[in-house]
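A.B. asks: what follows is a predicted protein model with its sequence.
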Amino acid sequence: MAVQIAPSILSADFARLSDEAAAVADVADWLHVDVMDNHFVPNLTLGLPVVESLLKHTGLPLDCHLMITEPDRWAPGYAEAGARNVTIHAEAVQSPVRTLRAIRAAGARAGLGVNPATAVEPYEDLLSETDMLLLMTVEPGFGGQHFLDLVLPKLRRARAMVAKSGADIWLQVDGGVGEDTIERCAEAGADVFVAGSAVFGSGDPAAVVESLRGQAERATARATWRW
Ligand code: DX5
Ligand code: ZN
């Protein structure tokens, strides 16, 4: 699996979202969209109407990260709207099998996210229902936080778990990922990298995406989990 970079629009200018998306359109693999409801996390961002508008203005596939309560109720709607990936949180979902299946049935990839303090092992039996595991590397809710190294052992365990399953499941890291931390993530087993402030907080978002990709690719090439 190749390295994939997903710039997070949480750190973009919300009044100029289509321009911000265009700035990374030629170099990014995904546009990561953080949906927050002020209940699951102490912050409020955007919802389905903004996602629907964004879909009309960017060719990048949308990676919707739902940090909301009741993902069972809302997640399929994002997939139906055209999001290419929809990630729900293990801590919030009531019926993960039903909801992950509903996301897939609506034509999207199904992601399952865990906060830093949530173990991945209880979800091993759900891997067949999942296309991507998202390991939060900060407490969810805000951009620009410091990367939590304590997640790295879990990332290694998740990579081993996925390898054992034999399934092609992506491992995404989100939070504090930038030039100082992306190599650690790649070496530990991540292959999809969300970066918000590192990309949109810079003067040249596209150049940062390309530079992060290079770092991640070099780190992946020397990673022991590869084979
Ligand atoms: C945080 C969000 C992240 C956020 C990451 O809860 O899920 O996607 O945008 O921002 P940075 O890369 O600045 O830590
Ligand atoms: Zn996110």
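C.D. replies: On my side now, so go ahead. Ligands and ions are numbered 1, 2, ... in the order given.

A.B. asks: could you pull out the helices for the protein?
C.D. replies: In the chain, helices defined by DSSP state H lie at 17-24, 48-57, 71-81, 96-105, 152-165, 182-188, 197-200, 205-221, listed in chain order.

A.B. asks: which residues touch the closest residue to residue 102 other than its chain neighbours?
C.D. replies: Taking CB to CB, 6 or more residues apart in numbering, and ignoring the residues beside it in sequence, residue 102 has residue 76 as its nearest neighbour in space, at 4.2 Å. Heads up, the C-betas are built off the backbone N, CA and C, glycines and all. Contact criterion CB atoms under 8 Å, 6 or more residues apart in numbering gives 86, 99, 102, 103, 105, 106 as the residues in contact with residue 76.

A.B. asks: returning to what we had before: okay if I get the helices of the chain as TSV plus distance to residue 141 and mean pLDDT?
C.D. replies: Converted to TSV, the helices of the chain look like this (distance: least, CB to CB, whole Å; pLDDT from 0 to 100):
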stretch	distance to residue 141	mean pLDDT
helix 17-24	20	98
helix 48-57	18	98
helix 71-81	16	98
helix 96-105	22	98
helix 152-165	19	97
helix 182-188	20	98
helix 197-200	14	98
helix 205-221	22	98
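
A.B. asks: and those as JSON lines, adding distance to ligand 1?
C.D. replies: Output for the helices of the chain, formatted as JSON lines (distance: least, CB to the nearest ligand atom, whole Å):
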{"stretch": "helix 17-24", "distance to ligand 1": "13"}
{"stretch": "helix 48-57", "distance to ligand 1": "15"}
{"stretch": "helix 71-81", "distance to ligand 1": "14"}
{"stretch": "helix 96-105", "distance to ligand 1": "18"}
{"stretch": "helix 152-165", "distance to ligand 1": "16"}
{"stretch": "helix 182-188", "distance to ligand 1": "10"}
{"stretch": "helix 197-200", "distance to ligand 1": "3"}
{"stretch": "helix 205-221", "distance to ligand 1": "11"}
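
A.B. asks: out of the ones you listed, the one nearest residue 5 is which?
C.D. replies: Of all the helices of the chain, helix 205-221 sits nearest to residue 5, with 5.2 Å by CB to CB.
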